[in-house]
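>>> A structural model of the following input is requested.
(one chain, ligands or ions: 3)
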Amino acid sequence: MNPQALWTHVDHYLDGCLLPRDSALEAAQRASDAAGLPAIQVAPNQGALLQLLALAVRAQRVLEIGTLGGYSTIWLARALPAGGRLLSLELDPGHADVARANLAAAGVADRVEVRVGAALELLPALEDEPPFDFVFVDADKAASADYLEWALRLTRPGSLIVVDNVVREGDILDELSDDAAVRGVRRLLERVGGEPRLVATALQTVGCKGHDGLLVALVTARAQPSVEPD
Ligand code: SAH
Ligand code: DHB
Ligand code: MG
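Ligands and ions are numbered 1, 2, ... in the order given. All right, here's what the predicted structure looks like:
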């Protein structure tokens, strides 16, 4: 079996063992496919990881950058307690329309807002709002480092920041790459590594979406935990 086929089989096996069948998520995916959206949503087990992480930090306010058809949005929205809110930013009005319909059909429209525009133009307006407890960055990869900067401004100690697609089949190893996405992700990783307010790691992933990776970062008050009292 070639590696991709193997990874996909394993994903399906794990999903079959661990994830309940979910007609709302399946319907959302069918509607996104039918609308011609690219099939680049997170894998089911990645969506479940996002949900689990949002639950673990008891996120009440979630920010997503990059909605597409709202697949990851539904996973995250389901982690919200009563009164929780999710704001998802999407450049493409057509994607946003599909997402809104999917979110309504999944029964989470009451707690989710999809806002249309270039994320870097929408983010400054959020500075006057209470901080977000969870940020999922999954839009244009060239701007990943800029989104991280905004995520730092819009969160508080204890918030979690997750960034998708930080490995890109290993393309990120090319320090001379002229691919804007690769350069953006490398800039992100350097920035995170040098940021004392973040405890962060990145993991490679293989599965039905090929070989890629996720960055997970916890915002801390200031310097990272140390055994030395200060
Ligand atoms: N999070 C989704 C997938 C997002 S795909 C999921 O897992 O289900 C990336 C999305 O980011 C696309 O819909 C694309 O239109 C959007 N996007 C690209 N550039 C953007 C920008 N500058 N601002 C906001 N969204 C952007
Ligand atoms: C692409 C974007 C994504 O967010 C993703 O998870 C996979 C692929 C893309 O633009 O090709
Ligand atoms: Mg992605």
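>>> center of this protein - which residue?
For the chain, residue 136 is the residue whose C-alpha lies nearest the centre (Cα atoms, centre = their mean; 3.2 Å).
>>> so how far is the helix or strand that one falls within from its chain's centroid?
Element membership of residue 136, judged by DSSP states H and E, is strand 132-137. From the chain centre to the centre of strand 132-137 is a distance of 8 Å (Cα atoms, centre = their mean, to the nearest Å).
>>> can you check stretch 70-77 too?
9 Å.
>>> what does that stretch rub up against?
By Cβ atoms under 8 Å, 6 or more residues apart in numbering, the surrounding residues in contact with stretch 70-77 are 24-25, 28-29, 32, 41-42, 46-48, 50-51, 54, 62, 64, 67, 86, 88, 98-100, 102-103, 106, 108, 111-112, 114, 134, 136, 138. No exception for glycine: its C-beta is placed from N, CA and C like everyone else's.
>>> one more time with 7 Å, if that's ok
If you take Cβ atoms under 7 Å, 6 or more residues apart in numbering as the criterion, stretch 70-77 is touched by 24-25, 28-29, 32, 41-42, 47-48, 50-51, 54, 62, 64, 67, 86, 88, 99, 102-103, 106, 108, 111-112, 136, 138.
>>> ok, which of the residues you listed also contact ligand 2?
When Cβ under 6 Å from any ligand atom is applied, the members of those adjacent to ligand 2 are residue 138.
>>> and the contacts of stretch 70-77, which of them are in strands?
Members of the contacts of stretch 70-77 lying in strands (criterion: DSSP state E): 62, 64, 86, 88, 112, 136.
>>> Any chance of CSV for the residues you listed, columns distance to ligand 3 and pLDDT?
Conversion of those to CSV gives the following (distance: Cβ to the ion, whole Å; pLDDT from 0 to 100):
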residue, distance to ligand 3, pLDDT
62, 16, 99
64, 11, 99
86, 17, 99
88, 13, 99
112, 18, 98
136, 9, 99
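>>> State the pair within those that is farthest apart.
Pairwise distances across the ones in strands among the contacts of stretch 70-77 (Cβ to Cβ) peak at 12.7 Å, for the pair 112 and 136.
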